[in-house]
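Colleague: Any chance you can model this:
(one chain, ligands or ions: 2)
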Amino acid sequence: MEQQDTRIKIAVQKSGRLTEHSIELLVRCGLSYSKGRDQLICYGENMPVDILLVRDDDIPSLVQENTCDLGIVGINIIEECWLSFKDQGESTLFSQVTPLDYGHCRLSFAVPDEVTYTGPQSLEGMRIATTYPRIVSSYLEAQGINGTIVKFSGAVEIAPSLGKADLICDLVSSGETLRAHNLYEAETILESSAALIRTPIEATSQKAEWIQRLLQRIQGVLQVKESKYIMLHAPKSALEEIRALLPGSEAPTIIPLEGCDDKVAVHAVCKENVFWETLEELKEAGASSMLVIPVEKMLA
Ligand code: PRP
Ligand code: ZN
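Modeller: Ligands and ions are numbered 1, 2, ... in the order given. A predicted model of the protein is given here:
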């Protein structure tokens, strides 16, 4: 038991849109793990960090009550949970919420194909099936609209065809699920993506150190995701113009080219992605021999 308490527990969705990316994020932070026999815990082998695979809806409470130190969950679920805690008069949910830039999706109203949606007023008097009752009611309230919320715990998209609701409010990513059920996306009320949450309860000093380290590594992984290292040759005369075209780069390294007086080599870390369009503009400005290389690790 004593031993257990020194290990950091991270709650991650068991199976769903965030599972793979979340585990990959932790692996990129240096974690290697082995899966327990029950497949519900990934035991960290080289760090005191274990991943608990759980239902996404359970993640906020697991983290809030400190069963897990950290959790990765959709903003949609955090928001729903936030509203429910607020109703109960609780104010501290998490000590930190860091957006992670994957698992992007939208919480939207979706209506049957044959129904015309002209704006929030179309929701007046309607029965709306959703697994996000609090987000939906607070939206309706803000719009001054009366609607009936029909709480579902899953498979919301079948509610209209079952006659249980007139429309739904659910997560949409590719839109595939809606199309398969003859529904269309009418209005988005929340943009969501994965986020990292941290328990509001202070960790023991032993744990705190590793949590801090992990958080710093996560920041590093997020930073490098968009970062590129770019190398090119530039005519000295066009150096200013070329530097201005490099996206999100600080001072580049300028290196002379052997046996070539009018050109230099430019090396720079770009903190934003380098797109084909940028390379084309650089070429037009006179750059040549361009190479764009992904950055693997970064520590400021
Ligand atoms: C959501 C939503 C739909 C699906 C939409 O479920 O409830 O079923 O994703 O995605 P699509 O637009 O790409 O078809 P999710 O996978 O998040 O599972 P859960 O809501 O049951 O946790
Ligand atoms: Zn869920």
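
Colleague: Tell me the bridge partners for Cys270.
Modeller: Judged by DSSP bridges, the bridge partners of Cys270 are Lys228, Ser249.

Colleague: Distance check, it against Gln121.
Modeller: Distance, Cys270 to Gln121, by C-beta to C-beta, to the nearest Å: 46 Å. All C-beta spots, glycine's among them, are computed from the backbone N, C-alpha and C.

Colleague: In terms of packing, which of these two has more residues around it?
Modeller: The residue with more neighbours, out of Cys270 and Gln121, is Cys270; 20 against 10, by other C-beta atoms under 10 Å.

Colleague: and that one, what pLDDT?
Modeller: For Cys270, the model assigns a pLDDT of 89.

Colleague: hey, which helix or strand in this protein has the poorest pLDDT?
Modeller: helix 2-5 (a mean of 57; mean pLDDT, DSSP states H and E).

Colleague: after it comes which helix or strand?
Modeller: strand 8-13 (DSSP states H and E).

Colleague: Next, Gln219: secondary structure please.
Modeller: Using DSSP: H, G, I helix; E, B strand; the rest coil, the structure places Gln219 in helix.

Colleague: That one: neighbour count?
Modeller: By other C-beta under 10 Å, the residues close to Gln219 number 15.

Colleague: Give me the domain ranges for the chain.
Modeller: 4-103+194-223, 105-191, 228-294 (automatic domain parsing).

Colleague: In a markdown table: these, plus distance to ligand 1.
Modeller: A markdown table is the format used below for these (distance: least, C-beta to the nearest ligand atom, whole Å):
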| stretch | distance to ligand 1 |
| --- | --- |
| domain 4-103+194-223 | 5 |
| domain 105-191 | 3 |
| domain 228-294 | 24 |
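
Colleague: wait, which of those is closest to Ala300?
Modeller: Nearest of the domains of the chain to Ala300, taken as C-beta to C-beta: domain 4-103+194-223 at 7.9 Å.

Colleague: OK, contacts around Thr67?
Modeller: Taking C-beta atoms under 8 Å, 6 or more residues apart in numbering, we find Thr67 in contact with 9, 11.

Colleague: what helix or strand does it sit in?
Modeller: Per DSSP H and E, there is no helix or strand for Thr67.

Colleague: where along the protein do the helices fall?
Modeller: 2-5, 19-28, 59-64, 75-87, 133-143, 159-162, 176-180, 205-226, 239-245, 276-284 (DSSP state H).

Colleague: Could you list the buried residues of the last one?
Modeller: By that I understand helix 276-284. By 16 or more other C-beta atoms under 10 Å, the buried positions in helix 276-284 come out as 278-279, 282.

Colleague: got it, and stretch 20-39?
Modeller: Buried residues in stretch 20-39, counting neighbours by 16+ other C-beta under 10 Å, are found at 21-23, 25-26, 28-29, 31, 33.
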